[in-house]
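> dropping a prediction and its sequence here:
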Amino acid sequence: MIRTKVMGLGSYVPDRIVKNEEIPFLDEKHVRQATKQTETDDEWIQRRTGIKERRYVPQDGTTATSDLALEAAKRAIADAGLQPTDIDCIILGTLSPDIHFPGTAVFVQKKLGIADKTNCACFDIRQQCSSFVYGMQMADAFVRTGMYKRILLIGAELHSHSLDYSTRGRDVMVLFGDGAGAMVLGPMETDDAKAGIMYTSAHADGNGAMDLYLKIFEIAKAPYVGYDANNRDENQIKYPQMDGKRVFLNAVRGMVMSTQAALAKTGLSWDDITWFVPHQANLRINEKVVEVAKIPPEKVLNTIDLFGNTTAATVPLTIDYWRQQGKVKKGDRILSSVFGSGFTWGAAIFQV
Ligand code: UT7
């Protein structure tokens, strides 16, 4: 039987570390000012979110989401022992695309130097914090049907340029960071039903669509983009908006449900799972999920304290970080559950 295996893993975060202490002093270009720009502090951020620091790209206009994706992709391809030209499909999850269209996967294809060499398929997917599990489900289906054999699955986000660095936007702004993670997925012949990607589930509830969103424009309106920096209501469309409490409660529910369903549907128990890697949005969400779903705390891997919420990138970034620390090892079985804007959620069980 053909099953899908993780052939390689890689991640990338920009060098600039932004600690909570610096956050109140950042202006709209995330340049540090002498005076406070936002009413917030380290104590609030740590107590409510568990975040201590995050990474930001330079603000000199040289780095796009595709550049973060490229670095993670190169590392995953090298980890798989492959060349970029071996890739026959790119699936990229992001809510911060380089531009509105075309999608960011084609920019990554070009930057990998394989655009005219392979003309490989390029998909952008838009499931925000749930993108990596959604993308894994797609990739698994493609590999098992024989459609593609070397799929580059990437989650990449550049948040720092689209945050509201003011007290108005503080509930969202303090949460997000820049980063990327990638995997190469391909086929293996095996009779072991637990090998490789064992299980994926993906769900959505569009009733929650406007509980966490970023408009930028409204296509229903003509002109469809309006921007007046002096008009508070109007310039709000440039920044993410969130009903934090509704998102929080739904995230706990979605991640608990999808985690429990993953075990019930596969017949596995926590003894069969090496690590639980939840989406990294808020440490309190993950602690609640661990408590309600009765997950052994020693099996939980988080990186929210170091990278904040990197949306589509959190799962591969967290796995790769803990692999570099020597915790995650080849063959470990991971249960990952995710929740994000949409609302979207899901879970996956896979070996790395
Ligand atoms: O990946 C999926 C996407 N996102 C999430 O999953 C995030 C889900 N939601 C959350 O993580 C939390 O709801 C937040 C971290 C966003 C907020 O935490 P909370 O415990 O729900 O706080 P709150 O919204 O109830 O706000 C409490 C207070 C408010 O002040 P008042 O009205 O009590 O005077 C806020 O204005 O904290 C205030 N506040 C802040 N204070 C300092 C909100 N943000 C900040 C801030 N610094 N950054």
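Arrived safely. Fair warning: this is a prediction, and the values are worked out from it, not measured in the lab.
> now find how far off-centre the longest helix that the chain contains is within its chain.
Of all the segments of type helix in the chain, defined by DSSP state H, the longest one is helix 244-266. Here helix 244-266 shows a centroid-to-chain-centroid distance of 17 Å under the convention Cα atoms, centre = their mean, to the nearest Å.
> by contact count, what packs against it?
strand 197-204, helix 283-292, strand 333-340, strand 344-351 (3 or more Cβ pairs under 8 Å, 6 or more residues apart in numbering; DSSP states H and E). Just so you know, the C-beta spots here come from the backbone N, C-alpha and C atoms, and that holds for glycine as well.
> near the ligand, which residues of the stretch 101-250 of the chain show up?
Proximity of the stretch 101-250 of the chain to the ligand is confined to Cys129, Arg170, Asp171, Val174, Leu212, Gly244, Lys245, Val247, Phe248 under the rule Cβ under 6 Å from any ligand atom.
> tell me which of the helices and strands packed on helix 244-266 lies nearest to Asn235.
Among these, strand 333-340 comes nearest to Asn235, with 24.4 Å by Cβ to Cβ.
> quick one: list the elements packing against that closest one.
In terms of contact count using 3+ Cβ pairs under 8 Å, 6+ apart, strand 333-340 is assigned the packing partners helix 131-145, helix 244-266, strand 275-278, helix 314-324, strand 344-351.
> list the buried residues in the longest helix of the chain.
247-248, 250-263, 266 (16 or more other Cβ atoms under 10 Å).
> residue in the stretch 1-150 of the chain with the shortest distance to the ligand?
Proximity of the stretch 1-150 of the chain to the ligand (Cβ to the nearest ligand atom) peaks at Thr40, 3.3 Å away.
> my reading is that that residue lies in a helix. Confirm?
No: going by DSSP: H, G, I helix; E, B strand; the rest coil, the assignment for Thr40 is coil, not a helix.
> now do it against Lys111, distance only.
Applying Cβ to Cβ, to the nearest Å, the value for Thr40 to Lys111 is 36 Å.
> now swap in Asp191 and tell me
Taking Cβ to Cβ as the criterion, Asp191 is separated from Lys111 by 39 Å.
> looking at these two, which is more packed in?
When neighbours are counted by other Cβ atoms under 10 Å, Asp191 and Lys111 differ, and Lys111 comes out ahead with 18 against 7.
> how long is stretch 268-276 from one end to the other?
From its first residue to its last, stretch 268-276 covers 13 Å (Cα to Cα, to the nearest Å).
> and what of stretch 200-217?
Chord length of stretch 200-217, first to last residue, is 33 Å (Cα to Cα).
> report the distance from it to the chain centre.
The gap between where stretch 200-217 is centred and where its chain is centred comes out at 15 Å by Cα atoms, centre = their mean.
> show me how the protein divides into domains.
When the chain is parsed with automatic domain parsing, its domains come out as 2-189, 197-351.
> let's have the ones you listed in a markdown table, adding mean pLDDT.
Formatted as a markdown table, the domains of the chain follow (pLDDT from 0 to 100):
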| stretch | mean pLDDT |
| --- | --- |
| domain 2-189 | 98 |
| domain 197-351 | 96 |
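> and those domains, which is most packed in?
For the domains of the chain, the stretch with the most neighbours on average is domain 2-189, a mean of 20; neighbours defined as mean count of other Cβ atoms under 10 Å.
> now that one: how far from the chain's centre is it?
6 Å.
> gap between the two ends of that domain?
Using Cα to Cα, one end of domain 2-189 lies 5 Å from the other.
> equivalent analysis for stretch 272-289, please.
19 Å.
> let me know whether that stretch sits next to the ligand.
Yes: contact between stretch 272-289 and the ligand is present through His279, Ala281, Asn282, Ile285 (criterion: Cβ under 6 Å from any ligand atom).
> now this structure against the ligand: closest residue?
Closest point on the chain to the ligand, by Cβ to the nearest ligand atom, is Gly244, at 2.8 Å.
> my read is Gly155 is in a strand, agree?
Yes: looking at Gly155 with three-state DSSP, it is inside a strand.
> one step back: just flag the most distant two among the residues of the stretch 101-250 of the chain next to the ligand.
Across those, the two members that end up farthest from each other (Cβ to Cβ) are Cys129 and Arg170, 19.7 Å apart.
> who in the stretch 251-352 of the chain is up against the ligand?
Close to the ligand, as judged by Cβ under 6 Å from any ligand atom, the stretch 251-352 of the chain has residues Ala251, His279, Ala281, Asn282, Ile285, Asn309, Phe339, Gly340.
> test my guess that the first one contacts Arg284.
Right, the one you point to is Ala251. No: when contacts are counted by Cβ atoms under 8 Å, Ala251 is not listed as touching Arg284 (10.0 Å).
> circling back to that earlier point, turn the residues of the stretch 101-250 of the chain next to the ligand into TSV, including distance to Glu218.
Converted to TSV, those look like this (distance: Cβ to Cβ, whole Å):
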residue	distance to Glu218
Cys129	23
Arg170	25
Asp171	23
Val174	27
Leu212	17
Gly244	23
Lys245	25
Val247	22
Phe248	27
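> picking up where we left off before, need the contact partners of the longest helix of the chain.
Contacts with helix 244-266, where a contact means Cβ atoms under 8 Å, 6 or more residues apart in numbering, come from 171-172, 198-199, 201, 203, 205, 208, 211-212, 268-270, 273, 276, 278-279, 281-282, 284-285, 288-289, 292-293, 295, 335, 337-339, 343, 345-349.
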